[in-house]
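S.K.: Give me the fold of what follows.
(one chain, ligands or ions: 1)
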Amino acid sequence: MKQLQDKVAVITGGNSGIGLAAAKLFAAEGAKVAITGRRRDVVDDAVREIGAAAIGIRGDVADPAHHHEVAEIVRDRFGGADIYMANAGVNTIRPSQHVSEAEYDAQFAVNARGTFFGVQAIAPVLRDGGSVILVGSLASDKVLDGHAVYAGTKAAIGAFARSWALEFKDRGIRVNMLSPGPTETAILEKLGVAPEDRGSFVDMMSGAIPLGRLGQPGELARAALFLASDASSFVTGINLRVDGGMALL
Ligand SMILES: NC(=O)c1ccc[n+]([C@@H]2O[C@H](COP(=O)([O-])OP(=O)(O)OC[C@H]3O[C@@H](n4cnc5c(N)ncnc54)[C@H](OP(=O)(O)O)[C@@H]3O)[C@@H](O)[C@H]2O)c1
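M.R.: Presented below is the predicted three-dimensional model:
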């Protein structure tokens, strides 16, 4: 029996990296998957990769109207959802002294506000007994250079997860945070790591991780599957770090 047979999963930022790996794994485990993302063509490519069970919805998680559209489409198409993975996120590394108001607002708009209003909008169509997974970051536990604002957004997500674990308990909906450490996804390029510097950057980061390497998106997807499935039926309100032990150093 597949672990997510006949379940419906919604994954924000499901066209890339950890979100795409989770979408593919959830679909392989029997779920019908709705992914969201900003770029129509990239979302369409991802839907083809995930397979017949998937649909794609284009939009910006910083816009609450987008979340209402997602909830409406999911209700019309599938009758509701069982799993909501708030995964879309951005990171701008900058010493606090040099962070502009626009950069600050942009990170909070996507990571914190996007997560908050995404869950608020999907809650009415989330079936009782469901699972909400909020993608945080190791950065909210461990001080990393230039990450103050990003860490703040992810700390907010941790607070949301703990609050919602109690707010949703009477519906049997579990809410957990999944916190990746450095993981090999497109986020590295988006941080400004040039393709020619990727190898040395990865080597440098690997030296700071007890397991001696970066995580792979599939490893995060398997942790997300644990939180999404009945394997974690007695788990709510936790922060599951998947970071190769980096928080220990
Ligand atoms: N990779 C890491 O080292 C790492 C470590 C800790 C935490 N995380 C967290 O893991 C999550 C996934 O990141 P990833 O590494 O898989 O990076 P990624 O490959 O860049 O994926 C991020 C996804 O979020 C989407 N997104 C960003 N802003 C959005 C917006 N305003 N509206 C809708 N979608 C938006 C992106 O869409 P586009 O493709 O259009 O940009 C993309 O699909 C993020 O929350 C990130 O903070 C990652």
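S.K.: hmm, who's touching stretch 123-136?
M.R.: 18-19, 71, 74-75, 80-87, 89, 115, 119, 154, 157-158, 160-161, 164, 168, 171-180, 224, 227-229, 232, 239 (C-beta atoms under 8 Å, 6 or more residues apart in numbering). No exception for glycine: its C-beta is placed from N, CA and C like everyone else's.
S.K.: Return the backbone torsion pair for the closest residue to residue 117 other than its chain neighbours.
M.R.: In space, residue 117 comes closest to residue 64 once its chain neighbours are excluded; the distance is 4.3 Å by C-beta to C-beta, 6 or more residues apart in numbering. Here is the backbone geometry of residue 64 (degrees, to the nearest 10): phi -60, psi -30.
S.K.: again with residue 197
M.R.: phi -100, psi 0.
S.K.: Could you check how far it is from residue 244?
M.R.: 21 Å (C-beta to C-beta, to the nearest Å).
S.K.: Which residue comes closest to residue 154 once chain neighbours are left out?
M.R.: Per C-beta to C-beta, 6+ apart, closest to residue 154 is residue 140, 3.9 Å.
S.K.: interface residues of the chain facing the ligand?
M.R.: 13, 15-19, 37-39, 42, 60-62, 87-91, 110, 135, 137-138, 180, 182-183, 185-187, 190 (C-beta under 6 Å from any ligand atom).
S.K.: Just the buried residues of those residues.
M.R.: Buried members of the residues of the chain next to the ligand, scored by 16 or more other C-beta atoms under 10 Å, are 13, 15-19, 37-38, 42, 61-62, 87-91, 110, 135, 137-138, 180, 182-183, 185, 187.
S.K.: what's the least confident helix or strand in the chain by mean pLDDT in contact with?
M.R.: Least confident helix or strand of the chain, by mean pLDDT, DSSP states H and E, is helix 187-190 with a mean of 86. The contact list for helix 187-190, computed with C-beta under 8 Å, 6+ apart, reads 17, 89, 90, 91, 195, 198, 201, 202.
S.K.: Can you name the element that comes right after the longest helix anywhere in the chain?
M.R.: As assigned by DSSP state H, the longest helix anywhere in the chain is helix 148-167. With elements assigned by DSSP states H and E, the helix or strand that comes after helix 148-167 is strand 174-180.
S.K.: Which elements pack onto that next one?
M.R.: strand 126-135, helix 148-167, helix 217-228, strand 239-242 (3 or more C-beta pairs under 8 Å, 6 or more residues apart in numbering; DSSP states H and E).
S.K.: Out of the ones you listed, the one nearest residue 51 is which?
M.R.: helix 217-228 (14.9 Å; C-beta to C-beta).
S.K.: Tell me the helices and strands packed up against the closest one.
M.R.: With 3+ C-beta pairs under 8 Å, 6+ apart as the test, helix 217-228 has helix 17-28, strand 81-86, strand 126-135, strand 174-180, strand 239-242 packed against it.
S.K.: okay if I get the ones you listed as a markdown table plus mean pLDDT and distance to residue 99?
M.R.: Shown next, in a markdown table, are the helices and strands packed on helix 217-228 (pLDDT from 0 to 100; distance: least, C-beta to C-beta, whole Å):
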| stretch | mean pLDDT | distance to residue 99 |
| --- | --- | --- |
| helix 17-28 | 98 | 24 |
| strand 81-86 | 99 | 23 |
| strand 126-135 | 98 | 22 |
| strand 174-180 | 99 | 22 |
| strand 239-242 | 98 | 25 |
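S.K.: can you put those in TSV and add distance to residue 105?
M.R.: Shown next, in TSV, are the helices and strands packed on helix 217-228 (distance: least, C-beta to C-beta, whole Å):
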stretch	distance to residue 105
helix 17-28	23
strand 81-86	19
strand 126-135	20
strand 174-180	23
strand 239-242	25
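S.K.: Quick one: closest of the ones you listed to residue 55.
M.R.: Checked against C-beta to C-beta, the stretch from the helices and strands packed on helix 217-228 lying closest is helix 17-28, at 10.7 Å.
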